[in-house]
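In: could you work out the structure for the sequence below:
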Amino acid sequence: MHGVAGSADTRGGVVLLALGPVLAAVYAGLNYVAIRKGEEAQLRGPEWREEPGAMSDGMTFVAANAWGLTWRITLAAGVLGLAPVVAGVLLPVLRGRGRNGLLALVGVIAVLYALLFAVACLNRSSLFDSPDYGEGVPSWQPATPFILVAAGLAQSVGLVQLDRVSRGRSGPPGDYPPAPGPGGSAAPQ
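Out: I've put the predicted structure just below:
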């Protein structure tokens, strides 16, 4: 019974770990769409028609700045998203302090995801340097930083699932075998 649940937990854990980099790409794609919509509105706006602004890499200056920060956030999220994947691969072979150190390192990575979330929320303020640009940005764009939160949470849950499976604990917490007592024997109940 544990083998069947273990394999389902393993598959679920691997899928959740893979969601980190995938959701980083989704974050980038949605923000690219939002930035382009804002840019279209800026180019149609009265300020642009009266005094055309600077273009950078085929984008208006405001759009280029927003995209520059967005792709840097995405790159950082993608790199951070690979660390739990590597940890998931290493978990079955590590024991003791090495395993605990790896899990602690992944905990630090979760804090870095929170920092990326904060930076992504600040990126929203740069989108409204131009009134015309701000009016064109879709109303759902401010919610996109929560995709990074979802990526971090999914990877955390996936890593916990893989840790439980690699330790031989695939059932609910009450199903765990008794912990060994002093001398390696099972603790009395």
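In: so which helix or strand takes in the residue positioned nearest the centre of the chain?
Out: When CA atoms, centre = their mean is applied to the chain, the residue found nearest the centroid is Ala151 (3.0 Å). Take DSSP states H and E as the rule and Ala151 turns out to sit in helix 145-166.
In: same for that helix, what does it pack against?
Out: Packing partners of helix 145-166 (3 or more CB pairs under 8 Å, 6 or more residues apart in numbering; DSSP states H and E): helix 2-44, helix 61-90, helix 96-126. Bear in mind the C-beta positions are built from the backbone N, C-alpha and C, glycine included.
In: make JSON lines from these and add distance to Val137 to it.
Out: Formatted as JSON lines, the helices and strands packed on helix 145-166 follow (distance: least, CB to CB, whole Å):
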{"stretch": "helix 2-44", "distance to Val137": "4"}
{"stretch": "helix 61-90", "distance to Val137": "9"}
{"stretch": "helix 96-126", "distance to Val137": "9"}
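In: mean pLDDT and mean neighbour count for those - can I get that in TSV?
Out: Shown next, in TSV, are these (pLDDT from 0 to 100; neighbours: other CB atoms under 10 Å):
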stretch	mean pLDDT	mean neighbour count
helix 2-44	84	18
helix 61-90	89	19
helix 96-126	82	14
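In: closest one to Pro145 among those helices?
Out: Among these, the nearest to Pro145 by CB to CB is helix 96-126 (3.6 Å).
In: got the buried residues for the following helix or strand past the closest one?
Out: Sequence order places helix 131-136 as the next helix or strand after helix 96-126, per DSSP H and E. Judged by neighbour count using 16 or more other CB atoms under 10 Å, the buried positions of helix 131-136 are Asp132, Tyr133, Gly134, Gly136.
In: and the gap between the closest residue to the second one other than its chain neighbours and Ala76?
Out: Going back to what we said before, that points to Tyr133. In this structure, Tyr133 finds its nearest non-sequential neighbour in Gln42, 4.0 Å apart by CB to CB, 6 or more residues apart in numbering. With distances taken as CB to CB, to the nearest Å, Gln42 is found 27 Å from Ala76.
In: buried set for stretch 137-154?
Out: Neighbour-count burial for stretch 137-154 flags Val137, Gln141, Thr144, Pro145, Ile147, Leu148, Ala151, Gly152, Leu153, Ala154 (criterion: 16+ other CB under 10 Å).
In: between these, which sits nearest Arg11?
Out: The closest of the buried residues of stretch 137-154, once distances to Arg11 are taken by CB to CB, is Ala154, at 14.0 Å.
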